[in-house]
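Novice: Quick one, fold the following:
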Amino acid sequence: MSYPIDQKLVVAVASSALFDLSESHKVFLEQGVEEYRRYQEANLGQTLDKGVAFPFIRRLLRLNHVFAEEQPVEVVLLSRNSPETGLRVFRSIQRYGLGITRAGFFSGGSPYPYLPAFNASLFLSANAEDVQAACDEGHAAGRVLDAKMEDDDDEELRIAFDFDGVIANDAAEKVFQEEGMEAFHSAESDKAQTPLQPGLLADLIAKIAVLQQLELQKRQTDPHYKQIIKTAIVTARNAPAHERLINTLKSWGVDVNKAFFLGGIDKGRILDIMHPHIFFDDQLRHLTHLKSIPAVHIPFGIINGPPPAP
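Specialist: Residues are numbered from 1 along each chain as shown. Below you'll find the model as predicted:
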């Protein structure tokens, strides 16, 4: 009987997102593949430092301990390493006690074509080319930026999303970029009851909402249970454009714990208080100054330019 991967929330993560590979990558760039292989072999016993996505991944996998029967989460390692040079990555996974057992090693090739095979709702990588190629093919992918946060012992998982071009498509963003703010607000008011089409991360937030429902059910039988997942929308939208956002999420059966309609206020002012373990946005200008927030760029939509012609 095959493993029911299609029934899980699956996150595919590159070793460059899960761990800090800056030192290893420097060896690769300066000395080549063969010296990189020797370096990894010589340091096989040295556990890799935590990377940008580590706090998010560790807490997400915690749900498999809480829901031991359902095992609702699967994290798959997809790496440009060869199986041989990837040994250090897997040993580090084991030493940190992460429940990651499935992987694909591509010996320098890009892993993104295999995302559908793993039913991945998200692919995280530090490789900009891999992420862009995945997004151009319609896969949910994000590039982790070089920001770090302290990974404390708290089990709560805080996930923050931008909306347009991330959860929803960029149809509304196109109106704003091409016709201006007044036209955008007018269009959003007229279409307040018309849900936007899903964006690349719509499936991710929908499956996270299912996990939150599992947690609510657990609280009904265990009043002392502390909810792990907390979700937030942090968007540049403001009234009157807020209503269409709310109605879009409602039409998908998605509830979030918090929503911030900032109307141009720097998102960092909110994120520095919230301290999410991961934040997704399609605009780099909202991300590059977030030095203590694990930030993920979704290179999709009019903000990031059209995908290349086939």
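Novice: okay, how far is it across stretch 263-277, tip to tip?
Specialist: Start-to-end span of stretch 263-277 (Cα to Cα, to the nearest Å) is 23 Å.
Novice: Any buried residues in it, and which?
Specialist: 267-268, 270-271, 274-277 (16 or more other Cβ atoms under 10 Å). Yep, even glycine has a C-beta here, placed from its N, CA and C like the rest.
Novice: what's the offset of that stretch from the middle of its chain?
Specialist: Remark: stretch 263-277 is offset 17 Å from the chain centroid, using Cα atoms, centre = their mean, to the nearest Å.
Novice: before we move on, what about stretch 117-124?
Specialist: The answer for stretch 117-124 is 10 Å, by Cα atoms, centre = their mean.
Novice: quick one: residue 303 and residue 131, what's the gap?
Specialist: 15 Å (Cβ to Cβ, to the nearest Å).
Novice: burial count for the nearest residue to residue 271 once chain neighbours are set aside?
Specialist: Spatial nearest neighbour of residue 271, excluding adjacent residues (Cβ to Cβ, 6 or more residues apart in numbering): residue 293 at 5.2 Å. The local packing of residue 293 (other Cβ atoms under 10 Å) involves 24 other residues.
Novice: heads up, I number from 37, so please use that
Specialist: Done: numbering now begins at 37, and the last item shifts to residue 329.
Novice: quick one: residue 329 and residue 341, what's the gap?
Specialist: Residue 329 is 25 Å from residue 341, by Cβ to Cβ.
Novice: same thing with residue 310?
Specialist: For residue 310, the distance to residue 341 - Cβ to Cβ - is 30 Å.
Novice: repeat for residue 72
Specialist: 33 Å.
Novice: low-confidence ranges in the protein?
Specialist: 37, 185, 342-346 (pLDDT under 70).
Novice: Which one's more surrounded, residue 339 and residue 167?
Specialist: Neighbours were counted for residue 339 and for residue 167 using other Cβ under 10 Å; residue 167 has more, 27 against 19.
Novice: Verify the stated contact: the more buried one with residue 176.
Specialist: No: assessed by Cβ atoms under 8 Å, residue 167 is found out of contact with residue 176, at 10.2 Å.
Novice: Assign a three-state SS to residue 191, would you?
Specialist: At residue 191 the chain is in coil, as set by DSSP: H, G, I helix; E, B strand; the rest coil.
Novice: now it: how far from residue 244?
Specialist: Relative to residue 244, and taking Cβ to Cβ, residue 191 is found at 16 Å.
Novice: Those two: which is more packed in?
Specialist: residue 244 (22 against 13).
Novice: where's that one, which helix or strand?
Specialist: helix 238-257 (DSSP states H and E).
Novice: Pull out the buried residues from that helix.
Specialist: Using 16+ other Cβ under 10 Å as the test for burial, helix 238-257 gives 238-245, 247-248, 251.
Novice: If you count contacts, what does it end up packed against?
Specialist: Contact here means 3 or more Cβ pairs under 8 Å, 6 or more residues apart in numbering; DSSP states H and E; on that basis helix 238-257 packs against strand 45-49, helix 90-102, strand 156-161, strand 265-271.
Novice: Would you mind giving those as CSV with mean neighbour count and distance to residue 197 added?
Specialist: CSV is the format used below for those (neighbours: other Cβ atoms under 10 Å; distance: least, Cβ to Cβ, whole Å):
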stretch, mean neighbour count, distance to residue 197
strand 45-49, 25, 15
helix 90-102, 20, 13
strand 156-161, 27, 11
strand 265-271, 21, 6
